[in-house]
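Asks: okay, here's the prediction I keep looking at, along with the sequence it came from:
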Number of protein chains: 2
Amino acid sequence: MPTEGPPALELAVSSVVFALRPHPETGELTLWLPLVRRIREPFEGRWALPGGPLDPHQDLVESARSTLQRTTGLTPRHLEQLYAFGDADRSPAAQAQTGSPTRVVSIVYWALVRQDEDAAAVDGENVEWFPADDIAEEAGPLAFDHDVILAYALRRLRAKVAYSPIAHAFLPERFPLAQLRQVYEAILNRALDPSNFRRQILAQGAVEDTGERMTGTAHRPPKLYRSSPDRSRYTLTIQEN
Amino acid sequence: MPTEGPPALELAVSSVVFALRPHPETGELTLWLPLVRRIREPFEGRWALPGGPLDPHQDLVESARSTLQRTTGLTPRHLEQLYAFGDADRSPAAQAQTGSPTRVVSIVYWALVRQDEDAAAVDGENVEWFPADDIAEEAGPLAFDHDVILAYALRRLRAKVAYSPIAHAFLPERFPLAQLRQVYEAILNRALDPSNFRRQILAQGAVEDTGERMTGTAHRPPKLYRSSPDRSRYTLTIQEN
DNA sequence: CCAAAAGTGTTATAGCTACACCCATGG
DNA sequence: CCATGGGTGTAGCTATAACACTTTTGG
């Protein structure tokens, strides 16, 4: 039975962490993210985005960073604020379960994990990674409104890739262009023409030739590029089909 | 002298409200926004964005809406979350002045006021509107980090105009294309070619012909358009000069 | 030498810029 | 009938989509 009076106001910071890994079935590169199993009410046993209450001494982004370090062992370079979710009725189950009405405002960040950083990922006790597009089947409905948050994050990522060089954030310092194309293909879930992709990226000045080549590949060794600094806004025309 | 222990955590909602009005000197249409003069410490006497503490029973957007209604008399249709500002050292002056360390996290919305809504604007006791680009000279440094927030809001507005039909939010139900162009020109601070602008907008399907014409103008009466529904993403190529 | 990926060239098309030009109205 | 803003047409240019083609490696 809920008590009257002003509900407690809590501020939490959560993160949607995207990494690129091969899909277990198709083998295609695809988006994965880590979820944390809740070990108490509300939503005990359900999967949730990694996060926690805001330490009043910490910056928002620091809070996201330390939670990620704790849960996944990762410290992603790319960490960006996504949205603040804070409707008054956001967590009705919380009220039902605890009996005390608690108003939770979550500030959500999204992180992009570089392929070379991803090697450091360790799965904690109640932490597991899932392919982003299989969450519904494999991780059931998520806790709180995290399904909505995840859908929003995916939509933003797919939109932003067209007018910002964020895709580069998935790659190490130096990389062949084919890998950058694979990142785009994984995010957009669509094949891109290799030759036209190359031309567009080079025309944007989004990357610089390092002069080096990747060794040890089958077939012709590709040139290695590095992403250009300060190129904060560009346009990629994404073909419709 | 600051006390030790966990600082209090406060959650505030503020808004950057943009309306288009003629510039007092040049007469050109330009961006204006309302500021509120602070009547107590910290930053007493300085201008600040309209806002206030979050009522735990209210949704975030409702909080923004009711503050705007109270201060400006407006209820803008377009109200969108901008960013959450919440660094731990965001309001150092607050700590110095009050002696008690208070951590304030502000969730900032931005609003776009339709020209026909703008008529309802009333200036309150400590509320005044300023041309956005003259804030620095006319309203001194703003309270808290509101200068930073305002600069961010302006940057976002100018960028977003290129890939989203938000400019329409400044106009009433039906409008001639020349007015839409003037909105773009005011936001971007740059003249656009009328004939090419028309073609681009029509090619995007961003507007529909209503079949009506505006009456009572000098010269040829322009067609009236209405903005198309569900056209959430489009591309305008903005000429460089 | 063959397969496969890296990388270049080419053609048709679409969209954009710049600007000439016609249209319709109030004065 | 003129000035002015509304609106259309068009030539030159640039970028893109589609795909043929050459290069370079490992096996």
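Replies: All right, it came through fine.
Asks: immediately after the worst-scoring helix or strand of chain A on mean pLDDT, which helix or strand?
Replies: Every helix and strand in chain A was compared by mean pLDDT, DSSP states H and E; the lowest is helix A:92-98, with a mean of 54. Using DSSP states H and E, the helix or strand that directly follows helix A:92-98 along the chain is strand A:102-112.
Asks: that next one near chain B at all?
Replies: Yes - judged by CB under 8 Å from any CB of the partner chain, strand A:102-112 comes into contact with chain B through A:103, A:105, A:107. The C-beta positions use only the backbone N, C-alpha and C, and glycine is treated the same way.
Asks: of those residues - the most surrounded one?
Replies: The most crowded member of the residues of strand A:102-112 next to chain B, judged by other CB atoms under 10 Å in any protein chain shown, is residue A:107 (26 neighbours).
Asks: and the residues of strand A:102-112 next to chain B, which is closest to DNA strand D?
Replies: residue A:107 (35.5 Å; CB to the nearest atom of the strand).
Asks: spit out the contact partners of that closest one.
Replies: A:11, A:12, A:13, A:14, A:54, A:60, A:81, A:83, A:84, B:84, B:86, B:105 (CB atoms under 8 Å, 6 or more residues apart in numbering or on different chains).
Asks: can we see that at 7 Å?
Replies: A:13, A:60, A:81, A:84, B:84 (CB atoms under 7 Å, 6 or more residues apart in numbering or on different chains).
Asks: which of the residues you listed fall within strands?
Replies: Counted as lying in strands by DSSP state E, out of the contacts of residue A:107, are A:13, A:81, A:84, B:84.
Asks: can you give me the distance of the nearest residue to the third one once chain neighbours are set aside to residue A:194?
Replies: When the adjacent residues along the chain are set aside, residue A:84 lies closest to residue B:84, with 4.4 Å between them (CB to CB, 6 or more residues apart in numbering or on different chains). Remark: distance between residue B:84 and residue A:194 (CB to CB, to the nearest Å) = 40 Å.
Asks: neighbour count for these two, which is higher?
Replies: Each of residue B:84 and residue A:194 has its neighbours counted (other CB under 10 Å); residue B:84 has more, 24 against 11.
Asks: show me what the more buried one is bridged to.
Replies: Counting by DSSP bridges, residue B:84 forms beta bridges with residue B:107.
Asks: contact residues of chain A facing chain B?
Replies: By the rule CB under 7 Å from any CB of the partner chain, the part of chain A lying against chain B is A:6-7, A:9, A:11, A:56-60, A:81, A:83-84, A:86-88, A:103, A:105, A:107, A:163.
Asks: the lengthiest helix in chain A: what's the following helix or strand?
Replies: Longest helix of chain A, by residue count under DSSP state H: helix A:146-160. Using DSSP H and E, the helix or strand that follows helix A:146-160 in sequence is strand A:174-175.
Asks: and the strands in chain A?
Replies: A:8-22, A:29-37, A:47-48, A:51-53, A:78-85, A:102-112, A:127-131, A:174-175, A:207-213, A:223-227.
Asks: let me have those in JSON lines, extended by mean pLDDT.
Replies: As requested, these are exported to JSON lines (pLDDT from 0 to 100):
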{"stretch": "strand A:8-22", "mean pLDDT": "96"}
{"stretch": "strand A:29-37", "mean pLDDT": "97"}
{"stretch": "strand A:47-48", "mean pLDDT": "98"}
{"stretch": "strand A:51-53", "mean pLDDT": "96"}
{"stretch": "strand A:78-85", "mean pLDDT": "98"}
{"stretch": "strand A:102-112", "mean pLDDT": "95"}
{"stretch": "strand A:127-131", "mean pLDDT": "97"}
{"stretch": "strand A:174-175", "mean pLDDT": "97"}
{"stretch": "strand A:207-213", "mean pLDDT": "95"}
{"stretch": "strand A:223-227", "mean pLDDT": "97"}
